[in-house]
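Undergrad: What follows is a predicted structure for the sequence shown.
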Amino acid sequence: MSRKISFKGQLNMGTQDTINLRTIKGKVGYKITKFQIISQQPGQSNVEFVAKIFKKDQTGSISPVVEFTDSNLLAVAYTQDEGNASRSYETIIFDNEMFNQDIYITADDAASATTRCNYYIELETRELSEIETTQLTLKNLRTVSSQ
């Protein structure tokens, strides 16, 4: 049986949060079902936020550049807010990705603003079999060794 859990937080530009999901046996699998971002001051500042969720720590490589070829990328959210003038929003979630380890959320601003970025994430959880647990663990180890 699956259930949903959610996380919320706030990031300064160029920083990262860690969502601790790792369990001792890794028998719980997670999928991202929702990822939303919004400025700390909506409608009051010009921002172009790019927030991303990764399977691996991104310390030292946080940027607004989006590369779908990055195998660690799980989701991307973009929002543009030009004060009261206009707003646009885009979210892409690679919903076929199941994981059983910690995830990392980053935020940066393509327009060089310093306003903070709020985020909201919903994850669907489900119990994993021994085989699924082993497969996900091996997949994570291969990803780490290839970098």
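TA: Received the coordinates, thanks.

Undergrad: any chance you could map the helices in this protein?
TA: Assigned by DSSP state H, the helices in the chain fall at 130-145.

Undergrad: Tell me which residue lies nearest the centroid of it.
TA: Nearest to the mean C-alpha position of the chain, counting by CA atoms, centre = their mean, stands Ile53 at 1.9 Å.

Undergrad: quick one: contacts for that one?
TA: When contacts are counted by CB atoms under 8 Å, 6 or more residues apart in numbering, Ile53 touches Ile32, Phe35, Leu73, Leu74, Ala75, Val76, Ile103, Tyr104, Ile105, Ile121. Heads up, the C-betas are built off the backbone N, CA and C, glycines and all.

Undergrad: quick one: low-confidence ranges for this protein?
TA: By pLDDT under 70, the low-scoring segments of the chain are 1, 83-86, 140-147.

Undergrad: how does it look with 80?
TA: Counting by pLDDT under 80, the chain shows low-confidence ranges at 1-2, 22-26, 43-45, 82-87, 95, 111-113, 135-147.

Undergrad: could you pull out the strands for it?
TA: For the chain, the strands defined by DSSP state E occupy 3-11, 15-19, 28-39, 46-54, 73-82, 87-93, 103-109, 117-127.

Undergrad: Just put those in CSV and tack on distance to Thr134.
TA: Shown next, in CSV, are these (distance: least, CB to CB, whole Å):
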stretch, distance to Thr134
strand 3-11, 23
strand 15-19, 23
strand 28-39, 12
strand 46-54, 22
strand 73-82, 21
strand 87-93, 25
strand 103-109, 20
strand 117-127, 14
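
Undergrad: Could I get the contacting residues of Thr91?
TA: Phe35, Gln36, Ala75, Val76, Ala77, Tyr78.

Undergrad: tell me which of these is nearest to Asn12?
TA: Checking the contacts of Thr91 against Asn12 by CB to CB gives Ala77 as the nearest, at 16.4 Å.

Undergrad: Figure out which of the strands of the chain is closest to Lys139.
TA: Across those, closest to Lys139 is strand 28-39 (CB to CB), at 11.7 Å.

Undergrad: I'm done for today, thanks for sticking with me.
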